[in-house]
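Novice: let's see this in three dimensions:
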Amino acid sequence: MKQITKIIELQKELEKKDEYIKNAYRKFGRVFEQYAPFTKNFPTSDLSRFVFLGKPIDGIIFDENKIIFVEIKTGKAYLTENQLKVKKQIEEGKIEFKEVRY
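Specialist: The predicted structure follows:
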């Protein structure tokens with residue numbers, strides 16, 4: 001009986017540590033989003049063309065010949081369900097331009 005109690009305690013401790021590590025990765029990802037535009041792998045070297053949004057995608061590059069939607073991920077991070085929907089809409093050409101005047 002003592003062994004089962006000890007195993008349950010260890011499982012709970014492991015779950016807490018696992019959640020702590022996941023939170024650390026999420027925080028690192030949010031911080032890295034701010035620095036990614038300064039890295040050599042970023043899709044543009046002209047940062048004046050990049051606009052940071054944060055959600056649901058990280059930003060948009062207004063290039064001379066095209067508009068690029070950018071989502072920055074680190075490690076094994078994956079696109080969220082909402083980001084996958086946005087990606088699909090972009091790929092299907094479901095994009096509009098609206099001018100609103102007042």
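
Novice: and for Glu96, the neighbour number?
Specialist: 5 (other CB atoms under 10 Å). Any C-beta I mention is one placed from the backbone N, CA and C, and that applies to glycine too.

Novice: which parts of this protein are strands?
Specialist: 50-52, 59-62, 67-70 (DSSP state E).

Novice: which parts of the last one are buried?
Specialist: Neighbour counts using 16 or more other CB atoms under 10 Å place Phe69, Val70 of strand 67-70 among the buried residues.

Novice: returning to what we had before: select, out of the strands of the chain, the one closest to Lys88.
Specialist: Minimum separation from Lys88 across these (CB to CB) falls at strand 67-70, 11.8 Å.

Novice: circling back to that earlier point, let me have the strands of the chain in CSV, extended by mean pLDDT and distance to Glu96.
Specialist: CSV is the format used below for those (pLDDT from 0 to 100; distance: least, CB to CB, whole Å):
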stretch, mean pLDDT, distance to Glu96
strand 50-52, 94, 18
strand 59-62, 96, 15
strand 67-70, 96, 12
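
Novice: could I get the ones you listed in a markdown table, plus columns for distance to Gln34?
Specialist: Listed next are the strands of the chain as a markdown table, based on distance: least, CB to CB, whole Å:
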| stretch | distance to Gln34 |
| --- | --- |
| strand 50-52 | 8 |
| strand 59-62 | 11 |
| strand 67-70 | 13 |
